[in-house]
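Asker: Using only what follows, build the 3D model:
(chains A and B)
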Amino acid sequence: MELFPYKQYNIPADTPPENAFPVRYTLYLPIIEIRLRKNSNATKDTAVLIDSGATHCIFSDKLATILGIGNITNGLLKKINTAGSGSVDAYFFDIYLEIKNITVSCYAGFIKGSFPLASGVLGGYDFLNSLRVALNSPAGEIEIG
Amino acid sequence: MLCRKIIKLFAEIFKHKKEEPKMEPIDLTSLLQEYYNQDIHIAVAQDYSRVIATGITYEEAVENSIKQGYENPIIYRAPDDRLKGWI
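Answerer: Now for the predicted structure:
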């Protein structure tokens, strides 16, 4: 079993107050550091967000370059719906996720574009469906495996 | 009777008692806030004590970190407006 702390981010002081949230607040995010591996290519420890609402593991195409995936459009296409409206094109490849001492094979999608803070999201397919993941925000800890 | 009332009162108090944090969340604010809304990657020390280097690309952030003598940073993206909230 691996333990990770939650990550905390305070909304910047110069952010104009909003009607719904007139007082500044702090976000607590289940961000963990993992490595992605494909064959002999691997990323450094990279911040990714655990997203229990996401159906798949999706990463930025910036990581695909590190993994030796020249052009993500060589992967198999799946349209992924995003909240609100619209969809994004994700191209899927077989990779490995290294979560400290846990390694899991993952059929992961890569998209053109980026995420805030993290470089991808860990969702259901091949992550949450493969590993026991406990998000305990009040205790500030994330338990995996 | 009084004893039962006291037990019930304690049960109510503990039912609503917030769970004590077991792990201290890592505060990214001071580390990353100065890079707010910049389209860059940030190489952070493993103990989250400091930013080692930045780069426009992932590779550049890693290379700049290695140049600083730090081989294994954690790579973050800069925070942006979406951090106000997303679903």
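Asker: Point out where chain A drops to low pLDDT.
Answerer: Low-confidence segments of chain A, defined by pLDDT under 70, are absent.
Asker: And the helices in it, which stretches?
Answerer: Under the criterion DSSP state H, chain A contains helices at A:61-66.
Asker: Looking at it, which residue reaches furthest from the middle?
Answerer: In chain A, the residue that sits farthest from the middle, by CA atoms, centre = their mean, is residue A:19; the gap is 29.8 Å.
Asker: okay, and for chain B, where does confidence drop off?
Answerer: Applying pLDDT under 70 to the predicted model, the residue ranges of chain B that meet it are B:1-3, B:10-21.
Asker: ok, now how distant is the residue farthest from the centre of chain A from chain B?
Answerer: Distance from residue A:19 to chain B, counting by CB to the nearest CB, to the nearest Å: 13 Å. Bear in mind the C-beta positions are built from the backbone N, C-alpha and C, glycine included.
Asker: and the residue most central in space within chain A, what does it touch?
Answerer: Nearest to the mean C-alpha position of chain A, counting by CA atoms, centre = their mean, stands residue A:121 at 1.9 Å. Taking CB atoms under 8 Å, 6 or more residues apart in numbering or on different chains as the contact definition, residue A:121 lies against A:48-51, A:54, A:57-59, A:115.
Asker: if we go to 7 Å?
Answerer: Residues in contact with residue A:121, defined by CB atoms under 7 Å, 6 or more residues apart in numbering or on different chains, are A:48-49, A:51, A:54, A:57-58.
Asker: How many neighbouring residues does the spatially closest residue to it that is not a sequence neighbour have?
Answerer: If you skip the residues right next to it in sequence, residue A:121 has residue A:51 as its closest partner in space, 4.2 Å away by CB to CB, 6 or more residues apart in numbering or on different chains. The burial count assigned to residue A:51 is 19, neighbours taken as other CB atoms under 10 Å in any protein chain shown.
Asker: and if you look at residue A:105?
Answerer: 12.
Asker: Contacts only, for it.
Answerer: With contact set as CB under 7 Å, 6+ apart, residue A:105 has these partners: A:94, A:96, A:126.
Asker: and which of these is nearest to residue A:143?
Answerer: Set against residue A:143, the nearest of the contacts of residue A:105 by CB to CB is residue A:126 (18.6 Å).
Asker: Pull up the gap between the spatially closest residue to residue A:82 that is not a sequence neighbour and residue A:59, please.
Answerer: For residue A:82, the nearest residue in space outside its immediate sequence neighbours is residue A:88; the separation is 5.8 Å by CB to CB, 6+ apart. When distance is defined by CB to CB, to the nearest Å, residue A:88 is 12 Å away from residue A:59.
Asker: I'd guessed residue A:90 sits against residue A:57; true?
Answerer: No: at 9.7 Å, residue A:90 does not count as touching residue A:57 under the criterion of CB atoms under 7 Å.
Asker: can you give me the helices in chain B?
Answerer: Taking DSSP H, the helices of chain B run over residues B:2-15, B:29-32, B:58-67.
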